[in-house]
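S.K.: Here is the input, now give the coordinates:
(one chain, ligands or ions: 1)
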Amino acid sequence: MIEIDKITKLYDERAAVDAVSMTVETGTITAIVGTSGSGKSTLLRMINRLVEPSSGSVRINGEPTTDLAKHILRRRIGYAIQGHGLFPHHTVARNIGAVPRLLGWSKEKIRNRVDELLNLFSMPPEEFRNRFPAELSGGQQQRVGVARALASRPDLLLMDEPFGALDPIIRTRAQADLKRIQRTLGSTILLVTHDMEEAIHLGDRVAVMDAGRLVQYATPAEIIARPATDFVAEMVGGVDRPLRLLSLFPLSELVEEGPASGEALPERTSLRDALSACLWSGRAAVPVSRDGQVIGRVTLDAIRARAESLQ
Ligand SMILES: Nc1ncnc2c1ncn2[C@@H]1O[C@H](COP(=O)(O)OP(=O)(O)OP(=O)(O)O)[C@@H](O)[C@H]1O
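M.R.: Below you'll find the model as predicted:
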């Protein structure tokens, strides 16, 4: 659990972050969202002390972050940034293994960990282990950046606009990967984004920042249904509210018997992603699977009816 208590950062007497308090549960994703200059990155960087707070405190599993030397703290906290920050002259394996090497892990343990992570990110180790960053696509570089941040199984992973540089199609895929991997590893993630869509899609909880203050900290459903301020309402927008709401429900809610062709979607897929899949592939229904077995289908009509009922 991460406990942030009245943390403040002043620059020339102006508060970039103003007395923010929040508690983050272990094994969850928290998305910090806000417009440019609202203090998101500063808040994130005060957690691993890349920025020293002017006042307030952070405790990770009960331990104040000031009890540890900064370099020890940072080895325990993964940090991934936009543009990945890979070492260009090191191979993928060496990049991912950087922190475990610092921690003195054995060669074999590092190699196993690198391969495990590459597999998790759908990058076959034998194909990618020895490549250099320049020999990867933008999306692959980004995945290696995230794999590197996860390599030592940190208590906490901080991500600053990790998908900001990706084009929208790859981005959706990257978000889905991150969510799957986070669930698999049980990691605790705090992620900064300026995109409310991404925050709602990824966050178990969403923290909305405005001018240095935390204006709402709640589940995506609450943020959408009951925005705390006009600013939050504006960020959520009203235009495709049903679509946003669809992203909150899994396919399992609408499964029925009947035929459907094409690739099956796991029952935990959101109705929104299923809607995209139907429209993208021109199907009127998609098969739904649980543990790899098809358990039924969900029709486009059923998803549309649900969207209408949410208006
Ligand atoms: N080192 C610094 N010195 C002075 N002011 C700073 C410094 N770092 C940040 N600020 C100011 O603090 C405020 C918050 O900055 P921060 O980078 O945390 O915002 P952000 O929400 O992450 O914005 P963006 O999405 O544009 O990165 C801004 O007004 C910024 O100009």
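S.K.: what about residue 217, which helix or strand?
M.R.: Secondary structure from DSSP states H and E places residue 217 in strand 213-218.
S.K.: Which strands and helices lie in contact with that strand?
M.R.: With contacts defined as 3 or more C-beta pairs under 8 Å, 6 or more residues apart in numbering; DSSP states H and E, strand 213-218 has these neighbours: strand 14-24, strand 205-210, helix 230-236. Using the backbone N, CA and C atoms, a C-beta is placed for each residue, glycine as well.
S.K.: The first one: which residues count as buried?
M.R.: Same thing as strand 14-24. 15, 16, 17, 18, 20, 22, 24 (16 or more other C-beta atoms under 10 Å).
S.K.: now the angle between strand 205-210 and the helix or strand that comes right after that strand, please.
M.R.: On the C-terminal side of strand 14-24, the nearest following helix or strand under DSSP H and E is strand 29-34. Here strand 29-34 points in a direction 20 degrees away from that of strand 205-210 (axes from the mean of the first three to the mean of the last three C-alpha atoms, to 10 degrees).
S.K.: For the helix or strand just after strand 29-34, output the C-alpha coordinates as PDB.
M.R.: Proceeding N to C from strand 29-34, the next assigned helix or strand is helix 40-47, under DSSP H and E. The C-alpha trace of helix 40-47 is given here as PDB (Å, rounded to 0.1, in the frame of the first residue of the first chain):
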ATOM      1  CA  LYS A  40       1.000  15.000 -12.400                       C
ATOM      2  CA  SER A  41       4.700  14.400 -13.100                       C
ATOM      3  CA  THR A  42       5.800  16.200 -10.100                       C
ATOM      4  CA  LEU A  43       3.500  14.200  -7.900                       C
ATOM      5  CA  LEU A  44       4.800  10.900  -9.500                       C
ATOM      6  CA  ARG A  45       8.400  12.000  -9.100                       C
ATOM      7  CA  MET A  46       8.000  12.800  -5.400                       C
ATOM      8  CA  ILE A  47       7.200   9.100  -4.800                       C
END
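S.K.: Would you mind measuring from residue 97 to residue 103?
M.R.: Per C-beta to C-beta, to the nearest Å, residue 97 is found 10 Å from residue 103.
S.K.: For those two, work out which one has more neighbours and name it.
M.R.: Each of residue 97 and residue 103 has its neighbours counted (other C-beta atoms under 10 Å); residue 97 has more, 24 against 13.
S.K.: list the contacts for the more buried one?
M.R.: For residue 97, the contact set (C-beta atoms under 8 Å, 6 or more residues apart in numbering) comprises 105, 110, 111, 113, 114, 151.
S.K.: Looking at those residues, spot the one nearest the ligand.
M.R.: residue 151 (25.3 Å; C-beta to the nearest ligand atom).
S.K.: and the gap between that closest one and residue 119?
M.R.: Per C-beta to C-beta, residue 151 is found 13 Å from residue 119.
S.K.: neighbour count winner among these two?
M.R.: residue 151 (23 against 11).
S.K.: And the lowest-mean-pLDDT helix or strand in the chain, what does it pack against?
M.R.: Least confident helix or strand, the chain: helix 241-246 with a mean of 74, by mean pLDDT, DSSP states H and E. Contact here means 3+ C-beta pairs under 8 Å, 6+ apart; on that basis helix 241-246 packs against helix 220-225, helix 271-281, helix 300-309.
S.K.: buried stuff in the shortest one?
M.R.: It stands for helix 220-225. Using 16+ other C-beta under 10 Å as the test for burial, helix 220-225 gives 220, 223, 224.
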